[in-house]
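[1] here are the coordinates; sequence isn't available:
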């Protein structure tokens, strides 16, 4: 793995850790509706091998989110193997790396750049640069407001027509719940 690529990933994790420690998602462990996410991926027509990889990425990301306070204070970076490589939005570094899976995390708390609208703008920008390689996008948020998707709807529909699968998830207390897009 390229050392610069690893450093950018470490920066993303540390920035997410700061958000969690400063009241982003509290200290509760988040569990996921595994079956619900699998069903959404299947409904999107994603091949089983791609679906399994997407689920590994989502579990890895959720594991990082759950362990961030401990990792942050211990200095451990929490990175998995290169087979679990994916993009995280928002991020504070221009990584220039395109992967097949993107995980976004939007919060109602914290810095304005981490709010849903700004995260979706970052996602749309990322998809312009990485449309050649992106296959699955997880849109994770702690608030579900279908109206917030309006600004991004036309762009997301365009990427859907090109084969990108979007899988939203709501962080509700200690659960991550899959939801369909508010349009299709």
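    Sure thing, it's come through. All of these numbers come straight from a predicted model, not from anything done at the bench. Numbers count the residues shown, from 1 in each chain.
[2] could you verify that residue 140 is part of a helix?
    No - under DSSP: H, G, I helix; E, B strand; the rest coil, residue 140 falls outside any helix and is assigned strand.
[3] quick one: the closest residue to residue 145 other than its chain neighbours from residue 107, how far?
    Of all residues not flanking residue 145 in the chain, residue 116 sits nearest, at 7.5 Å (CB to CB, 6 or more residues apart in numbering). (Glycine included, C-beta is placed from N, CA and C.) Distance of residue 116 to residue 107, computed by CB to CB, to the nearest Å: 8 Å.
[4] hey, what's in contact with both of the two?
    residue 141 (CB atoms under 8 Å, 6 or more residues apart in numbering).
[5] is it true that the residue nearest to residue 145 touches residue 144?
    No - proximity of residue 116 to residue 144 does not meet the contact threshold set by CB atoms under 8 Å, at 9.7 Å.
[6] which of these two has more residues huddled nearby?
    residue 116 (21 against 16; other CB atoms under 10 Å).
[7] which ones are touching that one?
    Residue 116 sits in contact with 106, 108, 141, 143, 145, 148, where contact means CB under 8 Å, 6+ apart.
[8] any chance of a markdown table for these, columns distance to residue 46 and secondary structure?
    Shown next, in a markdown table, are these (distance: CB to CB, whole Å; DSSP: H, G, I helix; E, B strand; the rest coil):
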| residue | distance to residue 46 | secondary structure |
| --- | --- | --- |
| 106 | 22 | strand |
| 108 | 29 | coil |
| 141 | 21 | strand |
| 143 | 26 | coil |
| 145 | 26 | coil |
| 148 | 24 | helix |
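[9] report the buried residues of stretch 146-157.
    148-149, 152, 155-156 (16 or more other CB atoms under 10 Å).
[10] can you show me the strands along the protein?
    31-32, 87-89, 101-106, 136-141, 165-172, 175-178 (DSSP state E).
[11] now these as JSON lines including distance to residue 51, mean pLDDT and mean neighbour count?
    Formatted as JSON lines, these follow (distance: least, CB to CB, whole Å; pLDDT from 0 to 100; neighbours: other CB atoms under 10 Å):
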{"stretch": "strand 31-32", "distance to residue 51": "14", "mean pLDDT": "90", "mean neighbour count": "16"}
{"stretch": "strand 87-89", "distance to residue 51": "18", "mean pLDDT": "91", "mean neighbour count": "22"}
{"stretch": "strand 101-106", "distance to residue 51": "11", "mean pLDDT": "93", "mean neighbour count": "23"}
{"stretch": "strand 136-141", "distance to residue 51": "8", "mean pLDDT": "96", "mean neighbour count": "23"}
{"stretch": "strand 165-172", "distance to residue 51": "9", "mean pLDDT": "95", "mean neighbour count": "20"}
{"stretch": "strand 175-178", "distance to residue 51": "13", "mean pLDDT": "94", "mean neighbour count": "18"}
